[in-house]
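> Okay, sequence plus prediction incoming.
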Amino acid sequence: MTDRLRALPTELRHRWRASLQLRVAATTLVLSLIVSMLVGVVLLHQVRDGLLNAKVRSSLAQLDFGLQHAADQYSSMDRSKPNAVRSTTSQIISDLGRGTEVTPYGLLATDPSGESQSAGRVRETSVPRALRQVVSKEGRQAWAYTTLVFEDGSREPGVVVGGPVPTSIPGYQLYYLFPLTQERQTLGLVKRTMVLAGAAVVLLLVIITVVVARQVVRPVRQAAATAERLAAGRLRDRMQVRGEDDLASLATSFNRMAETVERQISQLRELSRLQRRFVADVSHELRTPITTIRMAADVLHDSRDELPPELARSSELLQTQLDRFEALLADLLEISRHDAGAVALDADTIDLRSLVSGVVDAAGPLAERRSLRVVVDLPEQPVYVEVDPRRVERVLRNLVANAIEHGEGRPVEVTVRGGAGGVAVAVRDYGAGLRPGEASLVFGRFWRADPARARSSGGTGLGLSIALEDARLHGGWLQAWGSPGEGSQFRLTLPWRAGEPLTDSPLPLDPTERSPAAEVADA
């Protein structure tokens, strides 16, 4: 369960990146929620302000009625009677409590002597002191939001309106204390309605977006699936064209492109087949005349001591060029066999160290002519690997010869390492190196980094191409690295058994990096 929870963020990121429909639906959901919340907040503020303003207006209207009634009562009272003010105030409060359409929680009347009388369950302390001062000192009506405090100690938001009673004797004041219970209930109902309506609208928007996105994404997915089938070689697959809209135009254009690609690939396949056939036929046909020329050249070469100097030199040049021509024919025949898929491995288990040592010893004369030395780094233990010795030897011979040729007199390093994934041989030189982008071109047929450079070792231009095919035949890798002025390195990685899958190499391709094996050894 814990592992599944840990893998959940990775799975969610993968689904997010892989599904356009999910991203569109999620984006619509988030934006709809944000818009709905903003609209809801604005509407709630408007409704709340409207309810409170209506409450204040109705409260002030109720206050006007109460003040007029109180003024009439105070003006008609008999002041000669004892407790006339007190009894009149009690009568006013009683009349207003019964006669109002909106029954308040409390009424408060104050006479000039400062004595107050109230009705209802609200305490007198619920009237703010600032409101009392405005009414008494400025002599005008005023209102304020407050917290109503009841006799039982409970509290509730409310509004208080008050004003001076318009009589000939100043000092009479009347206050109404109204609760906001009904407004709170109305606002709560509006809030719940808006939340439900907003959720329904957002849900409908997401559903509509999913449906629309699916209609748009489906042709794109069909195009992607068709493209994958085309890439897998099923060149006759096409998209279904429905309707006449933009998506139908996309499908039509895609099908036309697929037809063009199929036609071009068919033409290229035919041209490639003809080219391979031509190379194979010409190579085979040239062997007979070359054999005859070789016999005549051998006779001339053996008799060169009896020939004039210029003819003797010509016989030597003829012999050298015939050697190069025969090597070219052999490489052409080999590459044509690879193209035709007629190459098979003759695998055997060998110690790779002895094979590398033999290749380096054979390249000794060439290294002496180039005035450099070949440094070999071999493991102490045997490195037994199942390979085709002839083909691996040809690959290594080609790599070492190229490194010596382009080493510019500096040492050439040959390193062998074995690891869990396989075995690797790296050949490093310190010559001119490769320019950016040339590492992928160096294995091309007849490719040269510098076309004007002469080949001192008589290469045919097909050696690295054949070496790459031999490496692939083993299920291995042949890779190149190079940097201008720092030289280059070619790395051959082979599985322990021919055909086994490779995951990594025990040697780094870039020699400036440290290999995992070296790091383990240092640790």
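Structure received.
> Domain-wise, how is this protein divided?
With domains defined by automatic domain parsing, the chain comprises 17-232, 235-343, 348-450+460-522.
> Just the helices from this structure, written as ranges.
2-18, 20-76, 84-99, 129-133, 181-231, 246-302, 309-340, 352-362, 364-369, 389-405, 463-473, 516-522 (DSSP state H).
> Could you pull up the mean pLDDT of the second one?
Translated: helix 20-76. Averaged over helix 20-76, pLDDT sits at 87.
> what does the fourth one give?
Computed over helix 129-133, the mean pLDDT rounds to 89.
> now swap in the third one and tell me
For helix 84-99, the mean pLDDT works out to 80.
> list the buried ones in it?
In terms of neighbour count (16 or more other CB atoms under 10 Å), helix 84-99 has its buried residues at Val85, Thr88, Thr89, Ile92, Ile93, Leu96. Where C-beta positions appear, they are placed from N, C-alpha and C, glycine not excepted.
> Show residues contacting that helix.
66, 69-70, 73-74, 77-79, 81, 103-104, 107, 109, 111, 113, 115, 117-120, 174 (CB atoms under 8 Å, 6 or more residues apart in numbering).
> ok, now the first one?
When contacts are defined by CB under 8 Å, 6+ apart, helix 2-18 is touched by residues Leu22, Arg23, Ala26.
> Closest to Asn402 out of those?
Of all these, Asn402 sits closest to Arg23, with 50.3 Å by CB to CB.
> excluding its backbone neighbours, what's nearest that closest one?
Distances taken as CB to CB, 6 or more residues apart in numbering place Trp16 nearest to Arg23, at 6.4 Å, with adjacent residues excluded.
> burial count for the one you found?
By the criterion of other CB atoms under 10 Å, Trp16 has 11 neighbours.
> which stretches of the stretch 151-300 of the chain aren't confidently modelled?
Applying pLDDT under 70 to the stretch 151-300 of the chain flags the ranges 245-247, 272, 275-276, 278-287.
> could I get the contacts of helix 2-18 as a markdown table with distance to Val375?
Listed next are the contacts of helix 2-18 as a markdown table, based on distance: CB to CB, whole Å:
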| residue | distance to Val375 |
| --- | --- |
| Leu22 | 57 |
| Arg23 | 56 |
| Ala26 | 60 |
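> And the buried ones among those residues, selectable in PyMOL?
Buried residues within these, by 16+ other CB under 10 Å, are selected in PyMOL with:
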select buried, resi 22
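> Report pLDDT for the residue nearest to Asp305 when sequence neighbours are not counted.
Excluding its sequence neighbours, the residue lying closest to Asp305 (CB to CB, 6+ apart) is Ala312, at 7.2 Å. Ala312 carries a pLDDT value of 76.
> Make sure Ala312 is actually in contact with Gln319.
No. Counting by CB atoms under 8 Å, Ala312 stays clear of Gln319, with 10.9 Å between them.
> and Glu486, how many neighbours?
16.
> any idea what sits nearest it, other than its immediate chain neighbours?
Nearest non-adjacent residue to Glu486, counting by CB to CB, 6+ apart: Gly433, 5.3 Å away.
> Relative to Leu441, how far out is that neighbour?
Using CB to CB, to the nearest Å, we find Gly433 at a distance of 14 Å from Leu441.
> same question, Arg238
The value you get for Arg238 to Leu441, if CB to CB is used, is 35 Å.
> wait, what's in contact with the nearest residue to His406 once chain neighbours are set aside?
In space, and not counting its chain neighbours, His406 is closest to Gly431: 4.2 Å by CB to CB, 6+ apart. Taking CB under 8 Å, 6+ apart, we find Gly431 in contact with Ala403, His406, Gly407, Glu408, Arg410, Gly487, Ser488.
> For the residue nearest to Glu486, grab phi and psi.
phi 80, psi -170 (degrees, to the nearest 10).
> got a list of what it touches?
Taking CB under 8 Å, 6+ apart as the contact definition, Gly433 lies against Gly482, Ser483, Pro484, Gly485, Glu486, Gly487, Ser488.
> Just the ones of those residues in strands?
If you go by DSSP state E, the contacts of Gly433 have Gly482, Ser483, Gly487, Ser488 in strands.
> any chance of these in a markdown table, plus distance to Val414 and pLDDT?
Shown next, in a markdown table, are these (distance: CB to CB, whole Å; pLDDT from 0 to 100):
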| residue | distance to Val414 | pLDDT |
| --- | --- | --- |
| Gly482 | 17 | 89 |
| Ser483 | 19 | 88 |
| Gly487 | 14 | 89 |
| Ser488 | 14 | 92 |
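> Tell me the buried residues in stretch 14-32?
Neighbour counts over stretch 14-32 (16+ other CB under 10 Å) mark Gln21, Leu22, Val24, Ala25, Thr28, Leu29, Ser32 as buried.
> count of neighbours near Phe178?
The burial count for Phe178: 25, using other CB under 10 Å.
> Is it bridged to anything, and to what?
For Phe178, the beta-bridge partners are Val159 (DSSP bridges).
> Thought Val161 was touching it, still the case?
Yes. Contact criterion CB under 8 Å: Phe178 and Val161 qualify, at 7.4 Å.
> Which neighbours do these two have in common?
Joint contacts of Phe178 and Val161 (CB under 8 Å, 6+ apart) are Ser59.
> ok, Arg238 and Leu441, which is more surrounded?
Arg238 (17 against 13).
> what's around the closest residue to the more buried one other than its chain neighbours, how many residues?
Of all residues not flanking Arg238 in the chain, Asn255 sits nearest, at 4.8 Å (CB to CB, 6+ apart). Using other CB under 10 Å, Asn255 has 17 neighbouring residues.
> so how far is Leu230 from Asn255?
Applying CB to CB, the value for Asn255 to Leu230 is 11 Å.
> And Gln222, by the same measure?
Applying CB to CB to Gln222 and Leu230 gives a distance of 12 Å.
> Who has more neighbours out of these two?
Leu230 (19 against 16).
> Contacts only, for the more buried one.
Neighbours of Leu230 in contact, by CB under 8 Å, 6+ apart: Asp237, Ala258, Val261, Glu262.
> I figured the last one hits Leu235, correct?
Yes. Proximity of Glu262 to Leu235 meets the contact threshold set by CB under 8 Å, at 4.1 Å.
> What is the burial count for Trp496?
18.
> Which pLDDT value does the model give it?
pLDDT, read off for Trp496, is 89.
> cool, and Pro104?
Pro104 is given a pLDDT of 55.
> Also Gly341?
The per-residue pLDDT of Gly341 was computed as 67.
> now do Ala144
At Ala144, pLDDT is 92.
> Name the nearest residue to it, sequence neighbours excluded.
Leu131 (4.8 Å).
> re earlier: rebuild the buried residues of helix 84-99 as CSV, extending it with distance to Arg497.
Compiled in CSV, the buried residues of helix 84-99 are given as follows (distance: CB to CB, whole Å):
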residue, distance to Arg497
Val85, 117
Thr88, 117
Thr89, 112
Ile92, 111
Ile93, 108
Leu96, 106
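> Pull out the buried residues from stretch 469-480.
Buried residues in stretch 469-480, counting neighbours by 16+ other CB under 10 Å, are found at Glu469, Asp470, Ala471, Leu473, His474, Gly475, Gly476, Trp477, Leu478, Gln479, Ala480.
> List the contacts of the second one.
It stands for Asp470. Asp388, Arg391, Val392, Arg394, Val395.
> quick one: which of those is most hemmed in?
Ranked by the number of neighbours (other CB under 10 Å), the contacts of Asp470 place Val395 first, at 28 neighbours.
> follow-up on the earlier one: closest one of the buried residues of helix 84-99 to Glu244?
For the buried residues of helix 84-99, the nearest to Glu244 is Leu96 (78.1 Å; CB to CB).
> thinking again about what came up before, please name whichever of the helices of the chain is nearest to Thr167.
For the helices of the chain, proximity to Thr167 was assessed by CB to CB; helix 20-76 is nearest, at 4.8 Å.
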